[in-house]
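In: Here is a sequence together with a model predicted from it:
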Amino acid sequence: MDEQLSSKLKKLDDAIARYVRPDTFPLAVRMIRHGEALPDGVKVPSRNFNENWIVCQSIGVARRYGWAIAVGKDDVICPLSAIAFGFRKPNDAYLKGFAAIGMYCEDEAGATRLEAETWKFAPGTYDYVCIAPIARATFEPDVIAVYGNSAQVMRMVNAALFKRGGRIESTTGGRLDCAEIVIQTVLTGEPKVVLPCNGDRVFGMAQDTEMVFTMPWNRADEVREGLDGTQKGGVRYPIPVAMRGTVALPKHYQDLLAMLKKEDEA
C-alpha cells in the first residue's frame, strides 16, 4: 500500500475517532473483482478457520475484533446476501419471495416486490467482499461504514453535507443491511444512513442503540474536512447540553445557604 493512501486512511480514522468517538472500529470495505488478488493480511473464514460466515457476521467481527475479513461464495451461507453480492445467481424461488413469505411479507406479491427492490450486484462481478478497520486496511476502500448511536451518525451526516448542503437520501427494507451498507452506497455513489437489520442484530451483534453511516471512498476527504468544519461551527459530539444558568435548589437548601451567609456577616 502506498504512503499517500496510508496517510489518507489514517487521517480519516483519526478524524472519526476525535470528532465522533464510535464504540467500535470504523470500517473500510472493498469489493474484490473476479480474478483480483485478496489484500495482504486478510482472513478468509473457510480457509483460515474452517468456518462459514455471513456478511453481517463478518462486519461484526471486523468492527469488534479489529480483524480484516474477506468472504465469498465458499464462505457465505446466507442465500440472501450471497445473491445480493452476486456470489450466487437468484433462482425462481428467490425471485418469487420464498424466503420472505410469512416472515417479512404476507403473500407472494409483497415478497416478490421486496426481493426485486433489494440492492444487488450483477452475478459474477465480484469474488469477495473485504472488510477491515480503517486504521488496519491494506487496500483502497470502496465504502467507509461507521456504526454509532443516532447522535454520532448525525455528526457524520452533518460532516457529509458541510460543503455541499442538500440532504442524504437512503432507502431501507428493514432487512439485509449488508446490501444497503455496501451495495446501495457503491451503486448510488452517495452517503447513506442505514438501519441495522434483524440478521445484523442476531449474528453481527448490532445494538438497538446503533445506526450506520456509509459513504463512498471518494467522499472521504470532504467528510473529514466537514467533521473539522462542523466542530468549529459548534456541532459536536458528545452533544453539549444546556447546563449553564442558575439552578433552582430545594427550599431547605436555600434556607440553609441563607443561614450560612448570615453567619459570614456576623
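Out: Thanks, I have it. Note that the structure is a prediction, hence the values are computed from the model and not measured.
In: can you give me the strands for the stretch 51-200 of the chain?
Out: In the stretch 51-200 of the chain, the strands defined using DSSP state E, counting those that start in this stretch lie at 69-72, 126-133, 143-148, 192-194.
In: Dump those strands to TSV, plus mean pLDDT.
Out: What follows is the strands of the stretch 51-200 of the chain, written out as TSV (pLDDT from 0 to 100):
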stretch	mean pLDDT
strand 69-72	98
strand 126-133	98
strand 143-148	98
strand 192-194	98
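In: closest one to residue 16 among these?
Out: Closest approach to residue 16 among these (Cβ to Cβ): strand 143-148, 6.2 Å. All C-beta atoms are positioned from the backbone trio N, CA, C, and that covers glycine.
In: partner strands of that closest one, parallel or antiparallel?
Out: Strand 143-148 has these partner strands in its sheet, going by DSSP bridges: strand 27-33 (antiparallel), strand 211-216 (antiparallel).
In: so which of these gets nearest residue 197?
Out: strand 211-216 (10.2 Å).
In: longest helix in this protein, by residue count?
Out: Criterion DSSP state H: the longest helix present in the chain is helix 3-19.
In: ok, back up a step: out of the strands of the stretch 51-200 of the chain, which gets nearest to residue 61?
Out: Of all these, it is strand 69-72 that lies closest to residue 61, at 5.8 Å by Cβ to Cβ.
In: Quick check: buried residues in the closest one?
Out: 69, 70, 71, 72 (16 or more other Cβ atoms under 10 Å).
In: Going along the chain, name the helices of the stretch 151-266 of the chain.
Out: 177-178, 184-188, 198-203, 220-232, 251-265 (DSSP state H, counting those that start in this stretch).
In: Contacts for the longest one, please.
Out: Contacts of helix 251-265 from elsewhere in the structure, counted by Cβ atoms under 8 Å, 6 or more residues apart in numbering, are residue 249.
In: Okay, now the unreliable bits of the chain?
Out: Nowhere does the chain drop to pLDDT under 70.
In: quick one on the thing from earlier: can you list the helices of the stretch 151-266 of the chain in a markdown table and add distance to residue 54 and mean neighbour count?
Out: As requested, the helices of the stretch 151-266 of the chain are exported to a markdown table (distance: least, Cβ to Cβ, whole Å; neighbours: other Cβ atoms under 10 Å):
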| stretch | distance to residue 54 | mean neighbour count |
| --- | --- | --- |
| helix 177-178 | 8 | 30 |
| helix 184-188 | 18 | 18 |
| helix 198-203 | 6 | 18 |
| helix 220-232 | 27 | 18 |
| helix 251-265 | 57 | 9 |
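In: Make a markdown table out of those helices and add distance to residue 122.
Out: Formatted as a markdown table, these follow (distance: least, Cβ to Cβ, whole Å):
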| stretch | distance to residue 122 |
| --- | --- |
| helix 177-178 | 17 |
| helix 184-188 | 10 |
| helix 198-203 | 23 |
| helix 220-232 | 26 |
| helix 251-265 | 70 |
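In: Which of the ones you listed sits closest to residue 23?
Out: Across those, closest to residue 23 is helix 198-203 (Cβ to Cβ), at 15.1 Å.
In: and that closest one, what does it pack onto?
Out: helix 55-65, helix 177-178 (3 or more Cβ pairs under 8 Å, 6 or more residues apart in numbering; DSSP states H and E).
In: Deepest-packed of those helices, please.
Out: Among these, helix 177-178 has the highest mean neighbour count (mean count of other Cβ atoms under 10 Å), at a mean of 30.
In: From the chain's centroid, how far away is that one?
Out: Computed by Cα atoms, centre = their mean, to the nearest Å, the separation of helix 177-178 from the middle of its chain amounts to 9 Å.
In: same deal with stretch 151-159?
Out: For stretch 151-159 - counting by Cα atoms, centre = their mean - the centre lies 12 Å from the chain centre.
In: rewinding a little: name the helices or strands packed onto the longest helix of the chain?
Out: Under the contact criterion of 3+ Cβ pairs under 8 Å, 6+ apart, helix 3-19 touches helix 150-161, helix 220-232.
In: Same list (the ones you listed) but as JSON lines, adding distance to residue 259.
Out: Shown next, in JSON lines, are the helices and strands packed on helix 3-19 (distance: least, Cβ to Cβ, whole Å):
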{"stretch": "helix 150-161", "distance to residue 259": "43"}
{"stretch": "helix 220-232", "distance to residue 259": "46"}
